[in-house]
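[1] Sequence below, structure please.
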Amino acid sequence: MINLFRRPYEYLRSLALKYLIPDHIYGGIRDVDVGMLMRAGISGLIIDIDNTLAAPGVKRPDEAALNFLYGARDMGCRICLLSNALRGRVARFSSGVGIYAVARAKKPARAGFIKALRLLGLDASQTCVIGDQLFTDILGAKRLGIKAVYTRPITRRESFFIMLKRIPELFLLRKFT
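    Presented below is the predicted three-dimensional model:
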């Protein structure tokens, strides 16, 4: 006898594992082990801004964020910021640091990630995405075969719609990690 309720669960589980579950999870971007990523063949980082690199609404990167960016760059990583935010906000984060940036990326759409890969001059196997949202950063990376690192959000102060997405994210992270 075929169990009709088991197969859909297995299918959804395989989709979640393939597209929504990150390769690594860290408490914050400052905890990300860039050296370990580089030893695994990663030479480029695509990094989200809001709630990954800085709290939402913060105008410029703080000292800890700058230390992370400079440290990764000094280790030889190419870096591109990828954000759904407007150009002005993204430019304030990238201009003083001398790194690439893509604004209005419409994550998880592929176009922003592809543009970031082109700017870095790398392919998906040499790149890692770092972000705080499963349904934008991680899903967008996984759809292109890019390694994905999830960092816990810096703050819980977020828009209502993002807070709604956090509920299934929390379920998926607890269930599959």
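
[2] Okay, the residue most central in space within the chain and Arg7: tell me how far apart.
    The centroid of the chain falls nearest to Gly131 when counting by Cα atoms, centre = their mean (2.5 Å). Distance, Gly131 to Arg7, by Cβ to Cβ, to the nearest Å: 31 Å. Yep, even glycine has a C-beta here, placed from its N, CA and C like the rest.

[3] what's the answer for Leu66, then?
    Leu66 sits 50 Å away from Arg7, going by Cβ to Cβ.

[4] Please say which of these two ends up with more neighbours.
    Between Leu66 and Arg7, counting by other Cβ atoms under 10 Å, Leu66 is the more crowded of the two (15 against 10).

[5] where does the more buried one land in three-state SS?
    Following DSSP: H, G, I helix; E, B strand; the rest coil, Leu66 is assigned to helix.

[6] now Pro56, what's its secondary structure?
    Counting by three-state DSSP, the backbone at Pro56 sits in coil.

[7] Nearest residue to it in space, please, no chain neighbours.
    Take Pro56 and drop its neighbours on the chain: the residue closest to it by Cβ to Cβ, 6 or more residues apart in numbering is Asp50, 4.7 Å away.

[8] Please apply the same query to Lys115.
    Nearest residue to Lys115, sequence neighbours excluded (Cβ to Cβ, 6+ apart): Val102, at 5.1 Å.

[9] Is the one you found in contact with Asn84, as I believe?
    No - contact status for Val102 versus Asn84: not in contact, 9.9 Å apart, counting by Cβ atoms under 8 Å.

[10] Much appreciated, bye for now.
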